[in-house]
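Q: give me a model of this one.
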Amino acid sequence: METKVNVLQIERIRRIYGYVNGFDVQADGSRGGLSLAWKHDIQFEKRGGVPREERRMEDFRNALDECHLIDVGFLGSWFTWERGNLVATNIRERLDRGVVTEAWFSAFLHAQIQHLSYSHSDHCPILLSTEMANKNIRKALFHFEVWWLLESSFKKMVKDAWDSTQRPLLAKLKELKQEISQWAQHVKQGRQRVKQQLHRQLDRLLDKDRTDDNLAEIINRKIHLNQEIDKDEIYWEQRARANWLKVRDKNAAFFHSWATQRHKGNVINSL
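A: Numbers count the residues shown, from 1 in each chain. Purely as a prediction, here's the structure:
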């Protein structure tokens with residue numbers, strides 16, 4: 001609407017009528033002026049808790065303009081931080097965003113930011129993707145993996161494979177290696193599907209309005225996802241050949257980076 005008043009008066013009027021969020025344009029004397037106002041239930045920067053102060057948000061937007069920075073936008077849930085397992089205390093907020101210069105954006109036209117589902121922290125992981133060439137994938141050498149022992153089917157698979165043939169020892173070992181490799185690939189694919197399914201379920205739950213049932217389901221999915229992540233940590237701990245943390249420590253990112261640094265030809269696919 002045309003306001004015909006300055007922005008300080010507009011903001012005061014908005015707040016009197018309960019519109020704590022809005023975008024205002026200064027009037028030119030007694031002409032013009034614009035105000036776009038909305039209440040809590042349709043804002044997408046914060047839900048729950050104390051409302052953001054619009055004046056500070058305006059200062060932030062002005063700082064971006066002065067520095068000629070562009071908001072990249074995002075894919076996924078609109079918020080990047082959440083706290084509170086009860087509806088009455090739940091707060092969701094977009095605390096993080098990616099901003100770049102025009103030159104950077106021109107160099108990476110296909111860049112995008114994705115808000116990933118989260119289970120360990122109240123902050124969601126943020127993935128910045130750019131278009132890059134695929135790495136050459138080498139065939140992995142066969143070696144024992146500690147995570148095999150966590151799978152209930154491992155012992156029976158080895159016994160069945162060993163008892164299924166009466167060939168000489170070296171031939172039996174070769175066949176056992178093939179059986180284990182096929183079994184491990186099948187298990188990893190199954191675990192990956194389970195994690196993808198849990199992530200999809202968690203993403204759908206995070207996008208819904210918060211209710212007691214919704215929050216209970218979110219907690220349940222996070223517990224199951226964390227159990228799968230624990231198995232990954234053992235894998236990366238062995239690959240890293242570093243015994244600095246125990247198996248139960250939640251630091252898969254450290255082990256992943258440590259292990260991959262052993263290869264000189266690494267390519268950074270994401271930040």
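
Q: start to end distance for stretch 104-118?
A: 28 Å (CA to CA, to the nearest Å).

Q: buried residues, that stretch. List them.
A: For stretch 104-118, the neighbour count (16 or more other CB atoms under 10 Å) marks Ala111, Ile113, His115, Ser117, Tyr118 as buried. The way it works is simple: take the backbone N, C-alpha and C, and place the C-beta from them, glycine included.

Q: likewise for stretch 87-103?
A: Neighbour-count burial for stretch 87-103 [16+ other CB under 10 Å]: Asn90, Ile91, Arg92, Glu93, Arg94, Gly98, Val100.

Q: give me the contacts around that stretch.
A: Identification of contacts with stretch 87-103 by CB atoms under 8 Å, 6 or more residues apart in numbering yields 44-49, 64, 68-72, 74, 78-84, 111, 113, 123, 126, 128, 210-212, 215.

Q: low-confidence ranges, this structure, go.
A: Low-confidence segments of the chain, defined by pLDDT under 70, are located at 1-9, 11-12, 14-27, 29-32, 37-44, 131-140, 235-271.

Q: quick one on the thing from earlier: redo the buried residues of stretch 87-103 as TSV? Include secondary structure.
A: Below are the buried residues of stretch 87-103 laid out as TSV (DSSP: H, G, I helix; E, B strand; the rest coil):
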residue	secondary structure
Asn90	coil
Ile91	strand
Arg92	strand
Glu93	strand
Arg94	coil
Gly98	coil
Val100	strand
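
Q: tell me the one of those nearest Gln197?
A: Nearest to Gln197 among these is Arg92, at 23.6 Å by CB to CB.

Q: would you mind measuring from the closest residue to the closest one other than its chain neighbours to Val187?
A: Nearest non-adjacent residue to Arg92, counting by CB to CB, 6 or more residues apart in numbering: Phe79, 4.1 Å away. Distance of Phe79 to Val187, given as CB to CB, to the nearest Å: 35 Å.

Q: phi and psi next, for Gly48.
A: When read as degrees, to the nearest 10, the backbone of Gly48 gives phi 90, psi 160.

Q: not counting its neighbours along the chain, what's nearest it?
A: Gly48's closest residue in space is Ile91 (CB to CB, 6+ apart), at 3.8 Å.

Q: that older thread, then the residue nearest to Arg92 would be within a helix, right?
A: No - applying three-state DSSP, one finds Phe79 to be coil, outside a helix.

Q: need the contact list for it.
A: Taking CB under 8 Å, 6+ apart, one finds Lys46, Arg47, Arg92, Glu93, Arg94, His115, Cys124 in contact with Phe79.

Q: now the residues you listed in TSV, with distance to Ile180?
A: Converted to TSV, those look like this (distance: CB to CB, whole Å):
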residue	distance to Ile180
Lys46	51
Arg47	50
Arg92	45
Glu93	48
Arg94	46
His115	38
Cys124	37
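
Q: these two touch, right, Gly48 and Gly84?
A: Yes - here Gly48 reaches Gly84: they are 7.0 Å apart, a contact under CB atoms under 8 Å.

Q: thinking again about what came up before, now, the contacts of stretch 87-103 that are in helices?
A: Using DSSP state H, the subset of the contacts of stretch 87-103 located in helices is Leu64, Asp212, Leu215.
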